Every structure is written in structure tokens, then in C-alpha cells.
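Colleague: Generate coordinates for the sequence data below:
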Amino acid sequence: MRIALNLVSLVPGETGGAETFARGLVPALAREAGPEALTLFVAPELAVELRVAPWAPGARVRTLPVPGRSRIRRTLAEQTLLPLAVQRSGADVLHNLQSTAPVYAGARAVVTTVLDLLYLHHPDTHSRLRRRGMAVLVPLAVRRSDRIIAISQATKDDLVRSLGTPPGKIDVVHLGPGLAGTAAPTPESELRARLGLGAAPILLSPSARRAHKNLERLLDAFARVPGAPVLVAPGYATGAEPALVARAERLGVGDRVRFTGWLSDEDLEGLYEAATALVFPSLAEGFGLPVLEAMRHGLPVACADRTSLPEIAGDAALLFDPESTEAIAEAMRTLLSDTTLAARLGEAGRRRAEQFSWERAARETLASYERALA
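Modeller: As a prediction, the model looks like this:
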């Protein structure tokens, strides 16, 4: 089977969980199917990285001439340049990894992974232009694809309910545990010194600065937590960050909140190792990778009881209502003070994380390709 992977929209360091998904799945597909089966179609930014540090040595990389980081140009390239390149590659299957797909595929079969439908339920998460584009492109991709991969049962249910997608067309493929085994953790002492964390307990909340991540309520809740923990929030910046910084200052916790921006894999792994607990108050997630990454490290987790998060966390996390500031605060206070509960959740999280793997995700993805070809 010759597999074309559509990664045209991926800009390193700017696409959050969608990038972690691609970085985890592509090497696993190469291990399962053989790297020679894969052709990665990318824009110049990712091509530069892959020349230095290939995700799947032996896989072919084809660079599409997409100038700059404009989403409009990337969309045009996906619709025009990609199909011709895929056709020339002789691919049997085109797999679109980021929810959109070209109208004409250039391959015998098309599979599209839908990460979420946030543009429908949380429109303030995206710019107006991107929201309008997603409202056209995602339903079109769902209709035109032979198979749809949903990254959680919650996302599958949403596709059926919101877009009328036939349930039998959708394969649920859970992701693997984030960055497992790909990066050596930065030493805790180095991170504490560089980020100015002192010796304080660390509450970790990896989150892009986007509306559905619920960071305003997280800051309000953090201000109600006694003692002097620090809140560390890695994630790519958006135009919302200055307002979040100002909010933390008004609440009197500006000196104990760190918006670090995008961190290296090594730094993020180090923070999972150094933190006391993960708090994740997102209002909606297609999957919720930070929850699983924290569990892999045995880090106690408190997360929202919405969308996919209970499905991923199982009984290994403290769930709370993300629309209640007091509920978020109480979850943080509990994990900081109840060491017995924190230890129990940490151990349960390790066991839970063992149920997820990129190898399993790759095998189930390949099975979806087979169904598409059939």
C-alpha cells in the first residue's frame, strides 16, 4: 500500500496538539507499514525540519511551494497543488491529518482525520475568516472522504450529531501518549532556574491561548488557591495572551503565573516530571493529549468533565465542572493538599496511559485505509 500523508497545514511550533498527533503517528506508521510506503506532503517550514531530523527515515518528502504562513495560501495549495502531487506519486490512499481535504484527491481512496468541531461549538476560538473556511472545508472533507477517523468516541458522536455523518463511515482511533520516548526531559533544576519557578509546587496547564481552553477561569480559580504554588502554562501564543497576563496581574498572581510560549519537547517532558499536578479546564477537546501525557508520567490530573476528557481519563483523574471557578479551585486545592489522593491518581494514571500507544493508533489507522480501499 502506497500512502500519501497530507501535512501541508502543519507549521512546526504553531499547531499545538495537531502537531503532536502528526509527530506521534507518522513514525508509528513507518514502523508498521515500512517507511518506503509513506510520502509526506509538506510546506517549506516543515520540510526544513525534516531534512535535519526526519520523522520517518526512508520515507519520501515532497515539498509544495507554499509561500509564507498564510492559511489561505495553504488551503489553496491543498486544493490545487496537493492533488496533482499525490497523483504523480502513485499513492493508493491519501490521509489528511488535519480535518480538511482536497475536493479531488489524486489517490484511489481518501481518509480524513477530524480532530474536533470547535469551529461549530466554540466559534470564538477561531478568527472569523478561519471559522467560515472550516465551516465549508470540514463538512466537504467528511462528505468526500471514503473513511473518517475520529480521535475519540466523543468526536465521532459529534460528527454524527452535528454533520449527519453515517456512524458506519467513522473509525475511532485514540491517539498515543503524546511525546512518549521521543525526548529526554530537561533537568528540573535547569527548568526552575530558567523559568523563575523557585522551589514552589508547580501546577501545569499546557494550553494554547484560545477561548475554549478556559484560561480566564483558570486564573480566577488559581487566585483562590492558598499557599504559593506557581501556575505554568506552556503553549503557543495568540492575540489573547496580553489580556491573560493583565488578568493575572489584576488578580494579584502575576508573579506566580508563567506563560512560557511554545517549549521544546525536552522542556515539556521536564515540566511533566517536575510538576505537582496537571489542571486542564478546557471546555472542549477532540482528545485531550495533555491529560494522557501527564498520566504517562504519573502526574495527578484534574480535568474538565466535558467532551472527550472523561473518555480519555477514565477513573484516573479528578473531574470538575469547567464553568465553575470554585470547582476548578477546589480541584487544585485538593491535589495540592491531599497527598494520598494525589498518589493514588498518579498510579491510576500510569495504568490508564498504558492502554494507549502510537503503535496501536498506527495499526488501527492502517485498518481504516484498508476499509477505504475496499
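
Colleague: May I have the phi/psi pair for the nearest residue to L38 once chain neighbours are set aside?
Modeller: Excluding the flanking residues, the one nearest L38 by Cβ to Cβ, 6 or more residues apart in numbering is A59, at 4.0 Å. Bear in mind the C-beta positions are built from the backbone N, C-alpha and C, glycine included. Torsion angles at A59 (phi, psi; degrees, to the nearest 10) stand at phi -80, psi 150.

Colleague: do the same with the one 4 residues further on
Modeller: The phi/psi pair for T63 (degrees, to the nearest 10) reads phi -100, psi 120.

Colleague: Show me the beta-bridge partners of it.
Modeller: For T63, the beta-bridge partners under DSSP bridges are V42.

Colleague: Quick check: it touching P44?
Modeller: Yes. The criterion here is Cβ atoms under 8 Å, and T63 meets it with P44 at 5.9 Å.

Colleague: Comparing those two, which residue is more hemmed in?
Modeller: Taking neighbours as other Cβ atoms under 10 Å, T63 and P44 compare with T63 leading, 18 against 13.

Colleague: secondary structure element for G181?
Modeller: Here G181, judged by DSSP states H and E, is contained in no helix and no strand.

Colleague: Now find how far off-centre stretch 167-174 is within its chain.
Modeller: In this view, stretch 167-174 has its centroid 18 Å away from the chain centroid, taken as Cα atoms, centre = their mean, to the nearest Å.

Colleague: which other residues reach that stretch?
Modeller: Contacts of stretch 167-174 with the rest of the structure, by Cβ atoms under 8 Å, 6 or more residues apart in numbering, involve 113, 147-153, 155-156, 159-160, 287, 312, 356, 360-361, 364-365, 367-368, 371.

Colleague: now do stretch 6-15
Modeller: For stretch 6-15, contacts defined as Cβ under 8 Å, 6+ apart pick out 18-19, 22, 26, 40-43, 45-46, 49, 64, 66, 69, 71, 74, 77-78, 82, 94-98, 100-102, 236, 262.

Colleague: What residues of that stretch count as buried?
Modeller: Buried residues in stretch 6-15, counting neighbours by 16 or more other Cβ atoms under 10 Å, are found at 6-11, 15.

Colleague: again with stretch 59-77
Modeller: Residues of stretch 59-77 classed as buried by neighbour count (16+ other Cβ under 10 Å): 59, 61-64, 66, 74-75, 77.

Colleague: hmm, which two among those residues are most spread apart?
Modeller: A59 and T75 (24.5 Å; Cβ to Cβ).

Colleague: L203 is in contact with L271, correct?
Modeller: No. Contact criterion Cβ under 8 Å: L271 and L203 do not qualify, at 10.7 Å.

Colleague: out of these two, which sits in the busier spot?
Modeller: Set L271 next to L203 and count neighbours by other Cβ under 10 Å: L271 wins out with 27 against 24.

Colleague: any idea how far L263 is from the more buried one?
Modeller: According to Cβ to Cβ, to the nearest Å, L271 stands 7 Å off from L263.

Colleague: Pull up the overlap in contacts between these two.
Modeller: P234.

Colleague: Spell out the residue ranges of the strands in the stretch 51-200 of the chain.
Modeller: Counting by DSSP state E, counting those that start in this stretch, residue ranges of the strands within the stretch 51-200 of the chain are 60-63, 93-96, 109-114, 147-150, 170-172.

Colleague: so who does the closest residue to A30 other than its chain neighbours touch?
Modeller: Once flanking residues are discounted, A30 sits nearest to A56: 3.5 Å by Cβ to Cβ, 6+ apart. Contact analysis of A56 by Cβ under 8 Å, 6+ apart lists 26-27, 29-30, 35, 38, 40.

Colleague: phi, psi of A56?
Modeller: For A56, the backbone dihedrals are phi -140, psi 90 (criterion: degrees, to the nearest 10).

Colleague: Can you name the residues that contact G198?
Modeller: 192, 230.

Colleague: Put the alpha carbons of stretch 348-366 into CSV.
Modeller: What follows is stretch 348-366, C-alpha atoms only, in CSV (Å, rounded to 0.1, in the frame of the first residue of the first chain):
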residue,chain,number,x,y,z
ALA,A,348,-4.0,5.0,38.3
GLY,A,349,-2.9,7.4,35.6
ARG,A,350,0.1,5.4,34.8
ARG,A,351,-2.0,2.3,34.3
ARG,A,352,-4.5,4.2,32.2
ALA,A,353,-1.8,5.6,29.9
GLU,A,354,-0.5,2.1,29.3
GLN,A,355,-3.8,1.4,27.4
PHE,A,356,-2.8,3.9,24.7
SER,A,357,0.0,3.6,22.2
TRP,A,358,1.1,5.1,18.9
GLU,A,359,1.6,1.6,17.6
ARG,A,360,-2.0,0.7,18.2
ALA,A,361,-3.1,4.0,16.6
ALA,A,362,-1.0,3.2,13.6
ARG,A,363,-2.4,-0.3,13.2
GLU,A,364,-6.0,1.0,13.5
THR,A,365,-5.2,3.7,11.0
LEU,A,366,-3.9,1.2,8.5
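
Colleague: distance between it and the chain's centre?
Modeller: With Cα atoms, centre = their mean as the basis, stretch 348-366 stands 15 Å off its chain's centre.

Colleague: Give me the contacts around it.
Modeller: Contacts to stretch 348-366, defined as Cβ under 8 Å, 6+ apart, come from residues 1, 24-25, 27-29, 31-33, 95, 111, 149, 171, 173-177, 180, 292, 294-296, 298-301, 313-317.

Colleague: ok, now with 6 Å
Modeller: Here stretch 348-366 makes contact (Cβ atoms under 6 Å, 6 or more residues apart in numbering) with 24-25, 28-29, 32, 173-177, 292, 295-296, 298, 301, 314, 316.

Colleague: Low-confidence regions, the stretch 51-200 of the chain specifically.
Modeller: 68 (pLDDT under 70).
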